[in-house]
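Novice: Just a sequence and a predicted model for now, questions to come.
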Amino acid sequence: GAAAATANSINLGQVFPYTKSAFTYDPSTGLYKKSIHGKAQVDGNNGEQLAFANVIVQYTKWATLDKKGYLTFQNMDATEDGYYFTKGKAIHITWAKVAEYSPTVYFDDNGNEIQLNEGKTYIAVAQKGRSVSFS
């Protein structure tokens, strides 16, 4: 809708500092093309760049699991934040997953469940406190 921000470029470098993952919207296909380490991330089977109709950034609570720095993420919660990107636009969302075998549900800022557009969806489970940038 009118409240959606422009999102032709999504930078997940703060979320994934090692891989510096990013997406670029291609209006001719209506898909976000994925980059990793500053280059196109391609499918090993066909050599084509990975592309997604929807990109979701799902912020989660987290904790360091051990002395090696492994992390644990809390993927069941009721009101965490995130972003939904599709067709070159972005909206702020909240998400809920109330039981281990229940689906994760995403809501807009008015509390309405969002309907994902048809096509592949990329979900980035991100440490709460790390930012995604888009323009």
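Specialist: Thanks, I have the structure now.

Novice: hey, which helix or strand in the protein has the poorest pLDDT?
Specialist: Ranking every helix and strand in the chain by mean pLDDT, DSSP states H and E puts strand 71-74 at the bottom, with a mean of 63.

Novice: any idea which helix or strand comes after it?
Specialist: Toward the C-terminus, strand 71-74 is succeeded by strand 77-86 as the next helix or strand (DSSP states H and E).

Novice: where in this protein is pLDDT low?
Specialist: Applying pLDDT under 70 to the chain picks out residues 62-63, 71-74, 76.

Novice: need the contact list for the closest residue to F85 other than its chain neighbours.
Specialist: Spatial nearest neighbour of F85, chain neighbours left out: V55 (4.1 Å); criterion: CB to CB, 6 or more residues apart in numbering. C-beta coordinates here come from the backbone N, C-alpha and C atoms, glycine included. Contacts for V55 were tallied using CB atoms under 8 Å, 6 or more residues apart in numbering; they are 10, 23, 32, 84-86, 121-122, 124.

Novice: Now the buried members of those.
Specialist: 10, 23, 32, 84-86, 122, 124 (16 or more other CB atoms under 10 Å).

Novice: hmm, which two among the residues you listed are most spread apart?
Specialist: T86 and A124 (14.2 Å; CB to CB).

Novice: L50 contacts V42, correct?
Specialist: Yes - here L50 reaches V42: they are 6.9 Å apart, a contact under CB atoms under 8 Å.

Novice: who has more neighbours, these two?
Specialist: L50 (17 against 13; other CB atoms under 10 Å).

Novice: now the more buried one: how far from P103?
Specialist: 23 Å (CB to CB, to the nearest Å).

Novice: Who are the contact partners of V132?
Specialist: 10-12, 14-15, 57, 83, 124, 126.

Novice: Go again with 6 Å.
Specialist: By CB atoms under 6 Å, 6 or more residues apart in numbering, V132 lies in contact with 12, 15, 57.
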